[in-house]
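Engineer: I'd like to go over a predicted model; first the sequence, then the structure.
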Amino acid sequence: MPDLSLGIDFGTTNTVLALADERGVAHLARFDAPEGELFAFRSAISFHAPADRPSDRTVEAGPWAIEAYVEDPLETRFIQSFKSFAASESFTETQILGRRYRFEDLLSAFLLKLRDHGGAALADLPRRVIVGRPVVFAGASPSEDLALKRYEAAFERLGSTEI
């Protein structure tokens, strides 16, 4: 899909995607969520592993992440507003269910689940992606270069080559 572009606003609370065709006409991506069709996808991720089978780890995002946490809060690690750490040099990694995750790991896991829940419309993402970004990243002394590097690493994992 060389003539398509993906626009994404990865927000602290919600994420919105739009695909633009070769004529520049953009269409919002929609998600068939448990509570109905959505175009704003909750910027949340969860990691679940039953205590008796820790290797059976599952990752969810958006409303499915919330649902997983509500169903089993003791065995689920729920993370929201993780965008707030994109520019933080003090955030190097977090441990979740015995594994280490850097910011770009969290973002790429989130993006993969978002793509999965987008169905056929997002099955083959274009190589070109335009990512919205804040004027000033969150934090006491945010590193814009670090945040952009982390975003780029996460999107490259999805096959994006022009970010």
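Structural biologist: In hand now; what should we look at?

Engineer: Look up how far residue 67 lies from the residue lying closest to residue 136 once chain neighbours are set aside.
Structural biologist: Spatially, and ignoring its direct neighbours in sequence, residue 136 is nearest to residue 142 (6.9 Å; C-beta to C-beta, 6 or more residues apart in numbering). In short, each C-beta sits where N, CA and C put it, glycine included. Distance of residue 142 to residue 67, given as C-beta to C-beta, to the nearest Å: 32 Å.

Engineer: Then residue 51?
Structural biologist: Applying C-beta to C-beta to residue 51 and residue 67 gives a distance of 19 Å.

Engineer: Which of those two has more residues huddled nearby?
Structural biologist: Ranked by neighbour count (other C-beta atoms under 10 Å), residue 51 and residue 67 place residue 67 first, with 16 against 8.

Engineer: Tell me if that one really is in a helix.
Structural biologist: Yes. Looking at residue 67 with DSSP: H, G, I helix; E, B strand; the rest coil, it is inside a helix.

Engineer: start the count at 229, not 1, going forward
Structural biologist: Got it, the first residue is 229 from now on, which makes the last one we talked about residue 295.

Engineer: Can you name the residues that contact it?
Structural biologist: Going by C-beta atoms under 8 Å, 6 or more residues apart in numbering, residue 295 touches 262, 288.

Engineer: what comes up buried for stretch 235-253?
Structural biologist: 235-236, 238-239, 243-248 (16 or more other C-beta atoms under 10 Å).

Engineer: Now for those residues: which two are most distant?
Structural biologist: Across the buried residues of stretch 235-253, the longest distance by C-beta to C-beta is 19.1 Å; it joins 239 and 248.

Engineer: Which elements pack onto the helix ranked longest in the chain?
Structural biologist: In the chain, with assignment by DSSP state H, the single longest helix is helix 331-345. Contact here means 3 or more C-beta pairs under 8 Å, 6 or more residues apart in numbering; DSSP states H and E; on that basis helix 331-345 packs against strand 242-248, strand 259-261, strand 272-276, strand 286-289, helix 291-299, helix 372-384.
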